[in-house]
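1. next comes the sequence, and after it the predicted model I'd like to discuss.
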Amino acid sequence: MPLLSQLTTPAGRHATLGLTLGILLIWPLVAQAERIFVSNEKDNTVSVIDGETLEVVETISVGRRPRAMAFSSDGSELFVAVGDDEAIDMIDLETLQVVRSQSSGDDPEVIRVDPNRPYLYVSNEDDNIVSVLDYEARTLVTEIPVGVEPEGLGISPDGRWLIATTETSNMAHIIDAEAMEAVHHRLVGARPRHAEFTHDGREAWVSSEIAGMVSILDMEETFDVKHTIRFDVPGVPRETVQAVGVVLTSDGRYAFVALGPSNRVAVIDQQTYEVLDYILVGQRVWHLALNGDESRLYTTNGVSGDVTVIEVDGLRAVKSIPVGRFPWGVIVEP
């Protein structure tokens with residue numbers, strides 16, 4: 001006899017109601033379990049980490065030398081820059097398979113998605129340009145000249161401004177995304193690697209690897225460097241303190257900066273620019289990503305081949321997750 005037909009007494013009806021409510025309460029948690037994607041530069045793979053178990057549950061084969069990643073605006077695909085193939089591999093997030101690939105120009109390294117259009121911005125390190133791709137039409141929209149060896153890209157929340165950092169020129173090039181041209185050029189520290197806008201769009205934080213510093217640009221009026229932050233990790237040689245990845249919490253409280261071979265993540269007060277702490281992680285920490293509710297920070301550690309999980313409230317590392325060889329980028333599914 002079917003289970004529900006047996007539950008015809010008042011007690012049975014309460015049991016059925018309780019079972020139904022239990023399923024409804026559990027289902028959203030299962031459906032919303034987040035996934036963390038990690039590009040492994042030497043293995044030509046992307047590791048998929050389950051946000052609940054914090055274990056690798058899938059490994060996706062991609063092109064050669066995968067680095068930066070970004071999600072399509074509708075959240076259906078993951079884009080992966082595969083530098084040695086000079087292409088962007090596009091992964092279907094339901095099947096976790098590469099379903100298509102689009103030419104990107106020479107040596108794509110960092111990619112960003114326009115929040116308003118199906119445009120993908122690509123830093124082409126060998127060509128000194130930023131390519132603009134239409135990922136729906138699969139066409140090249142334009143190429144924007146910048147300085148020598150473009151690396152990092154950052155896009156403002158409203159999509160108005162794009163920043164390209166150039167390693168050899170030591171500059172942050174501020175691009176008008178409507179005009180598709182660089183309109184301001186600002187000198188920053190040696191070998192700028194990453195650009196990240198605050199969530200209100202008023203500032204952009206640019207990390208400089210060799211200088212071991214972060215330059216903060218005023219994005220409201222002058223577009224000039226308004227403040228610089230330098231790092232001094234006790235007991236660690238200064239030359240190993242190399243600023244790379246940057247993430248900013250949406251509430252304006254914390255900024256986190258990956259400090260490369262020092263094996264530390266700096267914690268900064270976004271409002272006062274004071275360095276609050278250094279968190280020990282794996283070897284050669286490179287890039288960072290916050291999870292959906294910003295309770296966790298994930299770091300890629302290239303030399304130790306793992307991801308460190310940091311608890312944001314406690315500002316402490318709680319777990320190390322082995323992935324592939326030389327993990328480069330990390331991104332959390334929205």
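-> Good, I have the coordinates.
2. quick one: low-confidence ranges for the protein?
-> Along the chain, segments meeting pLDDT under 70 span 1-32.
3. for G152, give me its contacts.
-> G152 makes contact with 110, 123, 163-165, 192-195, 206-207 under the criterion C-beta atoms under 8 Å, 6 or more residues apart in numbering. No exception for glycine: its C-beta is placed from N, CA and C like everyone else's.
4. most neighbours, which of those residues?
-> Highest neighbour count within those, by other C-beta atoms under 10 Å: P192, with 34 neighbours.
5. so what's that one bridging to?
-> P192 has these beta-bridge partners by DSSP bridges: S208.
6. now I174: closest residue in space that isn't a chain neighbour?
-> H184 (4.0 Å; C-beta to C-beta, 6 or more residues apart in numbering).
7. swap in V82?
-> Distances taken as C-beta to C-beta, 6+ apart put G63 closest to V82, at 3.1 Å, once the chain neighbours are dropped.
8. R230 now?
-> M213 (4.8 Å).
9. next one: phi and psi at the one you found?
-> Dihedral pair for M213: phi -150, psi 170, per degrees, to the nearest 10.
10. could you list the domains of the protein?
-> 1-32, 36-332 (automatic domain parsing).
11. can you map out the strands along the stretch 1-150 of the chain?
-> For the stretch 1-150 of the chain, applying DSSP state E, counting those that start in this stretch gives strands covering 35-40, 45-50, 56-61, 66-71, 77-82, 87-92, 97-103, 108-113, 119-124, 129-134, 139-145, 150-155.
12. return the most buried member of the domains of the chain.
-> Mean neighbours per residue, mean count of other C-beta atoms under 10 Å, is largest over those for domain 36-332, with a mean of 19.
13. just to revisit the earlier point, E221 is in contact with the residue nearest to I174, correct?
-> No. H184 is beyond contact range of E221, at 11.5 Å (criterion: C-beta atoms under 8 Å).
14. can I get the strands of the stretch 1-150 of the chain in a markdown table including distance to N291?
-> Shown next, in a markdown table, are the strands of the stretch 1-150 of the chain (distance: least, C-beta to C-beta, whole Å):
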| stretch | distance to N291 |
| --- | --- |
| strand 35-40 | 8 |
| strand 45-50 | 11 |
| strand 56-61 | 16 |
| strand 66-71 | 14 |
| strand 77-82 | 16 |
| strand 87-92 | 19 |
| strand 97-103 | 24 |
| strand 108-113 | 19 |
| strand 119-124 | 24 |
| strand 129-134 | 28 |
| strand 139-145 | 32 |
| strand 150-155 | 20 |
